[in-house]
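A.B. asks: got a sequence here, can you model it:
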Amino acid sequence: MPISYYEQGVTSGLTGKRNLSRFITETVAAYRPDFKKVHLNYIFCDDAYLLVLNQRYLEHDTLTDVITFDLGEVGSGKLEGEIYISTERVRENAAQFAAPYADELLRVVFHGMLHLCGYKDKSAEDAAAMRAEEDKCIAQYKKLQP
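C.D. replies: Reported below is the predicted structural model:
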């Protein structure tokens, strides 16, 4: 599958990558049937690594859990992107929201995918819609697990 997972100096703890890749590909097809191919790289890293990217490319001097880069060309029929995830932020968010780490990790995995499918999260209304879609993806994915 054209979805890859890399660990940049961290251990993500992500399991079931083959099933997750299949689910992501099928979910993208449901949201965006115009994308005939999906090429995503998920890069798991620490806060310091993601902070540098946030400062350099987005001019934000804050910690974040996920940054998504859309690398696709309009009209190419391909969803292409890189999704960087700070496992440190994910762990802290999971503790803050009393959620299992695995669920919070899935949330940011799907969050990046949803951004590439056209979802935004800058306004309160958009953020609520994004959260609802994340929850939906998590629930659907978990139903498929053995």
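A.B. asks: how much space between Ala132 and Ala139?
C.D. replies: 11 Å (C-beta to C-beta, to the nearest Å). For glycine as for every other residue, the C-beta is placed from the backbone atoms N, C-alpha and C.
A.B. asks: then Leu53?
C.D. replies: On the measure of C-beta to C-beta, Leu53 and Ala139 end up 30 Å apart.
A.B. asks: go on, Gly13?
C.D. replies: As judged by C-beta to C-beta, Gly13 and Ala139 stand 20 Å apart.
A.B. asks: higher neighbour count, the two?
C.D. replies: Gly13 (13 against 9; other C-beta atoms under 10 Å).
A.B. asks: can you map out the strands along the chain?
C.D. replies: 3-7, 37-45, 66-70, 78-86 (DSSP state E).
A.B. asks: what is the first one packed up against?
C.D. replies: Looking back up the chat, that one is strand 3-7. helix 17-31, strand 37-45 (3 or more C-beta pairs under 8 Å, 6 or more residues apart in numbering; DSSP states H and E).
A.B. asks: looking at these, which is closest to Ser76?
C.D. replies: Among those, the nearest to Ser76 by C-beta to C-beta is strand 37-45 (8.5 Å).
A.B. asks: just the C-alphas of that closest one, formatted as CSV.
C.D. replies: Output in CSV follows, covering the C-alpha atoms of strand 37-45 (Å, rounded to 0.1, in the frame of the first residue of the first chain):
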residue,chain,number,x,y,z
LYS,A,37,-4.5,7.0,-5.7
VAL,A,38,-3.3,7.7,-2.1
HIS,A,39,0.3,8.3,-1.2
LEU,A,40,0.8,9.3,2.4
ASN,A,41,3.8,9.3,4.7
TYR,A,42,3.2,9.4,8.4
ILE,A,43,6.3,10.6,10.3
PHE,A,44,6.2,10.1,14.1
CYS,A,45,8.6,12.4,15.9
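A.B. asks: quick one: buried residues of it?
C.D. replies: 38-45 (16 or more other C-beta atoms under 10 Å).
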